[in-house]
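>>> structure, please.
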Amino acid sequence: MLSIVVGGFYGDEGKGKVVAYLGLKDSPDLSVRTGSINAGHTVTYMGRTWKVRIVPSAFVNRSTKLALGPGALTSLEVLFREIKETDSEDRFYVDAHAGIITEEERKEEQADEYLMKVIGSTGSGTGVAEAKRVLRKLKLAGSFEELKRFLADVPGMIIDSIEHGKDVLIEGTQGTFLSLYHGDYPYVTSRNATASGVLSEAGIGPKYVDEVIVVFKSYVTRVGEGPLEGELPWDEAVKLGMAEIATVTGRKRRAAPFNVGLAKKAVKVNSATQVAITKIDVLFPAAKGVKDYSKLPPEARKWIDEVESQLKVPVTLIGTGEDALDMIDLRREKGVGK
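Alright, predicted model coming up:
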């Protein structure tokens with residue numbers, strides 16, 4: 001079975017937590033990361049927290065193979081540091097077509113006043129690298145001697161796992177409304193962050209997909225410039241527990257209440273089969289650490305039921321805390337997924 005996990009808002013929805021949970025609970029044979037190092041996913045498990053920018057968040061399951069798809073971008077520095085931090089060298093693979101960001105791309109991006117000050121780029125070199133890839137000027141993983149031992153045909157690995165009846169998990173980055181094609185242009189990222197873009201970057205076609213899980217947080221956050229409907233003053237966000245700091249840039253995340261209109265559009269654009277909602281404990285503190293739906297506060301259950309009714313897609317995963325296993329899993333009860 002092939003499952004794709006994508007963000008439904010502007011990133012920061014908790015995709016890393018959801019992928020880590022699925023990695024631990026479903027034990028996929030292979031977990032593939034797309035996107036680039038301009039996005040960070042936070043994984044907390046057994047008292048330890050990792051902030052990964054390119055290693056798949058399912059690394060917490062030692063039996064799962066990890067890979068970067070052909071459409072992914074990374075720097076050697078970030079890649080090798082995270083492989084070491086996650087102790088995954090013996091099970092890590094990189095497609096030869098994955099792009100490599102060098103100091104040259106980083107410097108070019110950081111020197112671009114429009115990208116840095118108007119758009120609010122992370123300065124990671126991702127945008128410049130994507131542009132160079134289109135112009136056929138970017139260096140790819142297959143040309144780096146340091147990566148020879150990791151090189152593999154990642155689309156072939158995905159298909160082989162599926163054909164042998166094994167589970168594959170593909171992890172998207174950022175969010176639907178940061179997508180180059182669906183966001184508030186020009187305040188967008190340099191790629192298509194929806195399920196179709198993730199699938200393209202993984203290098204396989206849509207007939208293999210079984211589940212598309214769209215992740216929403218119980219409120220909306222956004223880093224950088226661009227519109228944010230219902231944006232809260234920082235002081236109010238702090239009071240409500242919605243004040244956050246970005247994983248990659250260290251900038252304050254702007255916050256707003258859950259946006260049903262955006263969520264409806266994200267569900268349609270991504271062809272969602274399931275919805276995951278994280279940080280329900282921020283809206284309803286009594287929900288913290290709860291793992292049984294019936295034990296959620298009545299007001300939390302009502303809120304979730306109303307969201308599910310509006311989106312017309314089953315809410316199957318509900319995050320109730322920071323740890324990967326702080327999750328209510330309703331997939332069996334709702335007859336979807338595994």
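>>> only alpha carbons, please: show stretch 75-84 as CSV.
Extracted as CSV, the C-alpha positions of stretch 75-84 are listed here (Å, rounded to 0.1, in the frame of the first residue of the first chain):
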residue,chain,number,x,y,z
SER,A,75,22.9,20.0,0.6
LEU,A,76,25.6,17.5,1.5
GLU,A,77,26.1,19.3,4.8
VAL,A,78,22.5,18.9,5.9
LEU,A,79,22.1,15.4,4.5
PHE,A,80,25.2,13.9,6.2
ARG,A,81,24.5,15.7,9.5
GLU,A,82,21.0,14.3,9.6
ILE,A,83,22.0,10.8,8.6
LYS,A,84,24.4,10.8,11.6
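>>> what residues of it count as buried?
By neighbour count with 16 or more other C-beta atoms under 10 Å, stretch 75-84 contains the buried residues Ser75, Val78, Leu79, Glu82, Ile83. Heads up, the C-betas are built off the backbone N, CA and C, glycines and all.
>>> how much distance is there from that stretch to the middle of the chain?
Chain-centre distance of stretch 75-84: 18 Å, with C-alpha atoms, centre = their mean, to the nearest Å.
>>> repeat for stretch 285-297
24 Å.
>>> tell me how many other residues crowd the residue nearest to Phe80 when sequence neighbours are not counted.
For Phe80, ignoring the flanking residues on the chain, the nearest one in space by C-beta to C-beta, 6 or more residues apart in numbering is Glu146 at 7.8 Å. When neighbours are counted by other C-beta atoms under 10 Å, Glu146 registers 11.
>>> surely Glu146 and Leu76 touch.
Yes. Here Glu146 reaches Leu76: they are 6.1 Å apart, a contact under C-beta atoms under 8 Å.
>>> quick one: buried residues of the longest strand anywhere in the chain?
Criterion DSSP state E: the longest strand present in the chain is strand 209-217. In terms of neighbour count (16+ other C-beta under 10 Å), strand 209-217 has its buried residues at Val209, Glu211, Val212, Ile213, Val214, Val215, Phe216, Lys217.
>>> would you turn those residues into JSON lines with distance to Gly319?
Below are the buried residues of strand 209-217 laid out as JSON lines (distance: C-beta to C-beta, whole Å):
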{"residue": "Val209", "distance to Gly319": "23"}
{"residue": "Glu211", "distance to Gly319": "18"}
{"residue": "Val212", "distance to Gly319": "18"}
{"residue": "Ile213", "distance to Gly319": "12"}
{"residue": "Val214", "distance to Gly319": "14"}
{"residue": "Val215", "distance to Gly319": "9"}
{"residue": "Phe216", "distance to Gly319": "10"}
{"residue": "Lys217", "distance to Gly319": "9"}
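>>> name the element the spatially closest residue to Asp12 that is not a sequence neighbour belongs to?
Nearest residue to Asp12, sequence neighbours excluded (C-beta to C-beta, 6+ apart): Thr221, at 4.7 Å. Element membership for Thr221 (DSSP states H and E) is strand 219-222.
>>> what residues does that strand touch?
With contacts defined as C-beta atoms under 8 Å, 6 or more residues apart in numbering, strand 219-222 is touched by 9-12, 228, 230, 240, 242, 244, 253-259, 262, 279, 282-283.
>>> now the angle from the lengthiest helix in the chain to strand 209-217?
Ranked by number of residues, the top helix in the chain under DSSP state H is helix 298-311. Counting by axes from the mean of the first three to the mean of the last three C-alpha atoms, to 10 degrees, helix 298-311 points 130 degrees away from the direction of strand 209-217.
>>> what ranges do the helices span in the stretch 201-338 of the chain?
234-240, 260-269, 280-283, 298-311, 331-334 (DSSP state H, counting those that start in this stretch).
>>> mind putting the buried residues of strand 209-217 in TSV, distance to Glu299 and pLDDT included?
Formatted as TSV, the buried residues of strand 209-217 follow (distance: C-beta to C-beta, whole Å; pLDDT from 0 to 100):
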residue	distance to Glu299	pLDDT
Val209	35	97
Glu211	29	98
Val212	29	98
Ile213	25	98
Val214	24	98
Val215	22	98
Phe216	18	98
Lys217	18	97
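>>> list just the nearest of the residues you listed to Gly335.
Glu211 (12.3 Å; C-beta to C-beta).
>>> who's that closest one bridged to?
Ser3 (DSSP bridges).
>>> what's the separation between the residue nearest to Phe80 and His41?
24 Å (C-beta to C-beta, to the nearest Å).
>>> and Arg331, by the same measure?
Arg331 is 21 Å from His41, by C-beta to C-beta.
>>> one step back: can you give me the buried ones in the longest helix of the chain?
Buried, per 16+ other C-beta under 10 Å, within helix 298-311: Ala300, Arg301, Trp303, Ile304, Val307, Glu308, Leu311.
>>> and stretch 226-235, by the same measure?
Neighbour-count burial for stretch 226-235 flags Gly226, Leu228, Glu231, Leu232 (criterion: 16+ other C-beta under 10 Å).
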